[in-house]
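Visitor: Predicted model and sequence follow; I will ask about them next.
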Amino acid sequence: MLTNAPKGTKDILPNQVYKWHYVENAFREACSRYVFKEMRTPVFEHTELFTRGVGDTTDIVEKQMYTFEDYGKRSITLKPEGTSPVVRSFVEHKLYADVQPSKFYYIIPCFRYEKPQSGRLREFHQMGIEIFGTNNMMADAEVIGFASDFLNSLGLHDLELRINSIGCPECRETYRQALRDFLKDKYDDLCDTCKGRYDRNPMRILDCKSPVCQELSKGAPYMLDYLCEDCKIAFDDLKKNLDAMEIPYIIDPGIVRGLDYYTKTAFEFVTNQIGAQGTVCGGGRYDYLIEQIGGPPIPGVGFGLGIERLQLLLEASGGAIPKPDNLDVFVAVMGERAKIFGLKLMRDLRKQGFKTEMDSLGRNIKGQFKYADRLSSNYTIVIGDNELDQNMVTIKNMKTSTQKQVPLQDIIKEIVE
RNA sequence: GUGGGUGUAGUCAAGCGGUUAAGACACAGGGUUGUGGCUCCUGCAUUCGUGGGUUCGAUUCCCAUCACCCACCCCA
C-alpha cells in the first residue's frame, strides 16, 4: 500500500511528461492568441462554493466530492471542477470592474470520488477557458471555436462537435414537465435507473442505453422545441456564428450537462476512439452562476477539457509528439585528474546552454560510451592523460562516429557546428 | 454503488497438481587494461499479489482479501 499511488491517481513519469508539456504549451499559446489570461486558484475551496455553484442535487456534489473539515472547523473541498473557483475569484477581487468581457484560462487538477475506468480518474486534469460578461453568442462561438482550433492544432480532426440548448430555468421546467407528461403512462415499463430519472432528470431518459427505454422515448418532445423565444433566438444565433466560422457541428438534443449551472448553450467534443468515456471537452453557458455565488448578475460561458482523455486520444490517433533531445554532450573521463577537469568543463558547457552529463558510477571508458549512447548524446568529449598533457580534448560525433582532437578553447565552437 | 476480467522478475510472458519456475526484452558486468550502437559470454524470481483451505505434494484446485483493468451510472 505504501508503494501504491491511491486508487484513481496516476504518476506522470519522466519519460511521459514531455507529452504533457507539449499539450500545455500548445494550450497556453492558443490562449495567448485568443487573449485569455491565466487565473490560478487554490486546489481547495470552501465546500459551499460547490454545493451552491455546481448544485447540491448533482452527482458531483452528492457523492463525488473530496470534502473534509480542517483544524479550524471549516468544511473544505478539493476542486471537483474549474469554473466555480474562477467565478469566486472574479467576484472576490471585483474583476468585473476591469474592462469587460473578462477572459480567463486555467490548467488545474480536479478531484472526484469515482470508480476509475479508462479515461476516468479520481484526480484528473483540466484545461479550461471562461468568458464572463457578455450575452452575445459570439462568445459561445468563440469558446467553441477555440476548442476546435486547439484540438486541430494537435492534429485531432475527427472529433465530433455536438451542440444543444438546454434552455433557461423557465423553459427547461416547462420542458421537463412536458417530458414527464409524455412518459407518464409508460413509467412502469421504464428500466429501474430511468424510473429514478423520471422525477429528478427526465431528460436523461432520452439517451438511456436500454432498448426498452429507447423504444418508449421514441417520439418524445425535444428541449429544442420548448425553448422560450429568448433561448431560441440565442440558439439560432449560435448556429449562425458557427456556420460563419465554418465549424461543423451536429445538433444533439440528448446533451445534458451534469452541472446545474448550465443554461442555453451546451456542447461536447466527442470521440469513440478512447473507450466509453469519449467526451474530451465539454462546456456551455452559465448565465446565473456568478449571481448565485454572490456576485453581480453577469453571464458566462466556457469549457473544460480533460488532459488525460486528450492524451489517450493523441495516443490512439497516432499523433506523434516530438520527443525532446536528451543530451548534447557527454563528458567521458579517465583518471582522477581528468575527472576534476571534466567537472569544470561540464559546468562550463551547462552554463553555455548545452545539455551535458557525466558518469558518476565509476564506469570504465567503454561503459561511459555505452552510457552516452543510452542517453542518445550527440557528442562525447573524451578526456584522459593524453589530452591533458597536450592541452587538447577528443570530441566524437556520436551520429557520424567521427572524432578529432581540438584545443580546449575550441570545444564549444566544435560542438555548435 | 452494480457487474465482468486479470494478477508469475523492471517489461512482455510460458508453465495449469509432482523433484532446482521456460523464453524474450531491459538492466549490470565481461570478451577489448582509451571508444557506444552489432555480436558473443555471464549474472539477474529459495518463488508465482496476500492470507487461509484441499492434498503425501499447489504457481497450478477451492475460499477470502487486496490491487489493477474494463463496462454500467455519471462526467473531463
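Guide: That came through fine.

Visitor: surely residue A:330 meets residue A:375?
Guide: Yes. With contact defined as C-beta atoms under 8 Å, residue A:330 counts as touching residue A:375 (6.5 Å). For the C-beta atoms, the positions are set from N, CA and C on the backbone; glycine is no exception.

Visitor: Need the overlap of contacts for the two.
Guide: Shared contacts of residue A:330 and residue A:375, defined by C-beta atoms under 8 Å, 6 or more residues apart in numbering, are found at residue A:357.

Visitor: Let me know whether stretch A:84-104 sits next to RNA strand B.
Guide: No. Stretch A:84-104 is not in contact with RNA strand B by C-beta under 7 Å from any atom of the strand; minimum separation 11.1 Å.

Visitor: Equivalent analysis for stretch A:116-128, please.
Guide: Yes. Under the criterion of C-beta under 7 Å from any atom of the strand, RNA strand B is reached by stretch A:116-128 at A:116-121, A:124, A:126.

Visitor: Is it possible to get JSON lines of those that adds neighbour count, secondary structure and pLDDT?
Guide: JSON lines is the format used below for these (neighbours: other C-beta atoms under 10 Å; DSSP: H, G, I helix; E, B strand; the rest coil; pLDDT from 0 to 100):
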{"residue": "A:116", "neighbour count": "13", "secondary structure": "coil", "pLDDT": "93"}
{"residue": "A:117", "neighbour count": "11", "secondary structure": "strand", "pLDDT": "93"}
{"residue": "A:118", "neighbour count": "12", "secondary structure": "coil", "pLDDT": "92"}
{"residue": "A:119", "neighbour count": "21", "secondary structure": "coil", "pLDDT": "93"}
{"residue": "A:120", "neighbour count": "17", "secondary structure": "strand", "pLDDT": "95"}
{"residue": "A:121", "neighbour count": "22", "secondary structure": "coil", "pLDDT": "95"}
{"residue": "A:124", "neighbour count": "21", "secondary structure": "strand", "pLDDT": "97"}
{"residue": "A:126", "neighbour count": "22", "secondary structure": "strand", "pLDDT": "97"}
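
Visitor: Now tabulate those residues in CSV and tack on distance to residue A:334.
Guide: Below are the residues of stretch A:116-128 next to RNA strand B laid out as CSV (distance: C-beta to C-beta, whole Å):
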residue, distance to residue A:334
A:116, 51
A:117, 54
A:118, 51
A:119, 52
A:120, 54
A:121, 49
A:124, 50
A:126, 52
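
Visitor: wait, which of those is closest to residue A:26?
Guide: Closest approach between the residues of stretch A:116-128 next to RNA strand B and residue A:26, by C-beta to C-beta: residue A:126, at 15.1 Å.

Visitor: quick one: the closest one and residue A:112 touch, right?
Guide: No. Judged on C-beta under 8 Å, residue A:126 makes no contact with residue A:112 at a distance of 11.1 Å.

Visitor: excluding its backbone neighbours, what's nearest residue A:221?
Guide: Counting by C-beta to C-beta, 6 or more residues apart in numbering, residue A:178 is the residue found nearest to residue A:221 once chain neighbours are left out, at 5.1 Å.

Visitor: er, residue A:107 actually
Guide: Residue A:107 sits nearest to residue A:127 (C-beta to C-beta, 6+ apart), 4.9 Å away.

Visitor: any idea how far the residue in chain A that RNA strand B sits nearest to lies from residue A:266?
Guide: Nearest to RNA strand B, among the residues of chain A, is residue A:258, at 1.1 Å (C-beta to the nearest atom of the strand). Distance, residue A:258 to residue A:266, by C-beta to C-beta, to the nearest Å: 10 Å.

Visitor: okay, the two: which has more neighbours?
Guide: residue A:266 (21 against 14; other C-beta atoms under 10 Å).

Visitor: before we move on, what SS does the spatially most distant residue from the centre of chain A have?
Guide: The outermost residue of chain A relative to its centre, with distances by C-alpha atoms, centre = their mean, is residue A:389 at 56.3 Å. Three-state call for residue A:389 (DSSP: H, G, I helix; E, B strand; the rest coil): helix.

Visitor: what's the spacing between it and residue A:364?
Guide: Per C-beta to C-beta, residue A:389 is found 20 Å from residue A:364.

Visitor: ok, back up a step: beyond the helix or strand harbouring the residue nearest to residue A:107, next helix or strand please.
Guide: Per DSSP states H and E: residue A:127 is located in strand A:123-132. Once strand A:123-132 ends, the next helix or strand along the chain (criterion: DSSP H and E) is helix A:137-153.

Visitor: strand partners of the helix or strand following that following helix, parallel vs antiparallel please.
Guide: Under the assignment DSSP H and E, the closest C-terminal helix or strand after helix A:137-153 is strand A:160-165. Counting by DSSP bridges, the strands paired with strand A:160-165 are strand A:250-251 (parallel), strand A:263-270 (antiparallel).

Visitor: Let's see the pLDDT reported for residue A:300.
Guide: Residue-level confidence at residue A:300 comes out at 97, pLDDT.

Visitor: With residue A:265 instead?
Guide: If you check residue A:265, the pLDDT there is 95.

Visitor: can you check residue A:324 too?
Guide: At residue A:324, the predicted lDDT confidence score is 81.

Visitor: just the one 10 residues further on next, same as before
Guide: As summarised for this prediction, residue A:334 has a pLDDT of 89.

Visitor: residue contacts, it?
Guide: A:365, A:382-385 are the contacts of residue A:334 under C-beta under 8 Å, 6+ apart.

Visitor: Return the backbone torsion pair for it.
Guide: When read as degrees, to the nearest 10, the backbone of residue A:334 gives phi -130, psi 120.

Visitor: gap between it and residue A:375?
Guide: 19 Å.

Visitor: Now do the contacts for the closest residue to residue A:287 other than its chain neighbours.
Guide: The shortest distance from residue A:287 to any non-neighbouring residue, by C-beta to C-beta, 6+ apart, is to residue A:299 (4.1 Å). By C-beta under 8 Å, 6+ apart, the contact list for residue A:299 reads A:132-135, A:285-288, A:290.

Visitor: Kindly report the same for residue A:327.
Guide: Taking C-beta under 8 Å, 6+ apart as the test, what residue A:327 contacts is A:355-357, A:372, A:375-378.

Visitor: so residue A:86, which of the three states?
Guide: Classification of residue A:86 using three-state DSSP returns helix.

Visitor: which ones are touching it?
Guide: A:39, A:41, A:104, A:106, A:130.

Visitor: Which of those are buried? Put it as a ChimeraX command.
Guide: Filtering the contacts of residue A:86 down to the buried ones (16 or more other C-beta atoms under 10 Å) takes a single ChimeraX command:
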select /A:39,41,104,106,130
